[in-house]
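**Q** everything below, folded, please.
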Amino acid sequence: MDNYQSDYNPAGIRASSPTSSIGTAHFDDETSLSDAEDVLSQAAFEAKCEARIGLGKKRLDEEENEADPLLKVPDTPAERKELAEKILAGLRITISQLREEELFERNAQSSAYVEPVPSVSDVDAILEGMMPPKPQPAQEDTSFTNGSISAMGRRR
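**A** Presented below is the predicted three-dimensional model:
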């Protein structure tokens, strides 16, 4: 063991670890003055955070679903034309979505393997398909014949 040499210096010679690797460095508080506890109450701070992230606001699809489904008859020809364009644009979008869904379903069906469903009326065929294959009847082996007696013990 005298020939063993460590890569590390003995504890008395080795430099001590830097303080930054031992403790945790705490930085200055970067909270904005408008969010400070002495300016804003807890409830007001929570309301501010909820408003900032949009908690409680309706999503776009929720707002669209709450819209009045009945169409109002426009008064002027310009309004009628605008309404007709909106209706046609909505129909075009719906038609393109339906086409995409149909293409997706066709591709999904053509790529998926579907095992054929057996007919219920052919019970015998179903049962035979579930059974292991029938063993073949044993044929007489004539390779070990000794004169007139075969290996099966029968005379020829």
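**Q** quick one: mean pLDDT for the longest helix along the chain?
**A** What stands out as the longest helix in the chain, according to DSSP state H, is helix 77-111. Averaged over helix 77-111, pLDDT sits at 91.
**Q** please apply the same query to stretch 42-58.
**A** Mean predicted confidence for stretch 42-58 is 87.
**Q** need the helices for this protein, in chain order.
**A** 19-22, 42-53, 60-65, 77-111, 123-130.
**Q** and of those helices, who's closest to Ser32?
**A** helix 42-53 (10.8 Å; CB to CB). Yep, even glycine has a C-beta here, placed from its N, CA and C like the rest.
**Q** Asp75: what's it in contact with?
**A** Under the criterion of CB atoms under 8 Å, 6 or more residues apart in numbering, Asp75 has no neighbours.
**Q** please renumber the chain so that the first residue is 8 from this point on.
**A** All set: I'll call the first residue 8, so the last point we hit is now Asp82.
**Q** I'd like the distance between it and Leu90.
**A** Distance of Asp82 to Leu90, computed by CB to CB, to the nearest Å: 11 Å.
**Q** domain assignment for the protein?
**A** Using automatic domain parsing, the domain parsing of the chain gives 41-74, 77-120.
**Q** pipe these into TSV and attach distance to Asp35 per row.
**A** Below are the domains of the chain laid out as TSV (distance: least, CB to CB, whole Å):
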stretch	distance to Asp35
domain 41-74	14
domain 77-120	53
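**Q** neighbours around Arg106, how many?
**A** Under the neighbour criterion other CB atoms under 10 Å, Arg106 is assigned a count of 10.
**Q** I meant Ala54, not that one.
**A** Neighbourhood size, Ala54 [other CB under 10 Å]: 14.
**Q** returning to what we had before: shared neighbours of Asp82 and Leu90, anything?
**A** Counting by CB under 8 Å, 6+ apart, no residue touches both Asp82 and Leu90.
**Q** select, out of the helices of the chain, the one closest to Ala43.
**A** helix 49-60 (9.4 Å).
**Q** give me the residues contacting that closest one.
**A** For helix 49-60, with CB under 8 Å, 6+ apart as the criterion, the contacting residues are Asp42, Leu47, Gly63.
**Q** need the contact list for the second one.
**A** By that I understand Leu47. Ser41, Lys55.
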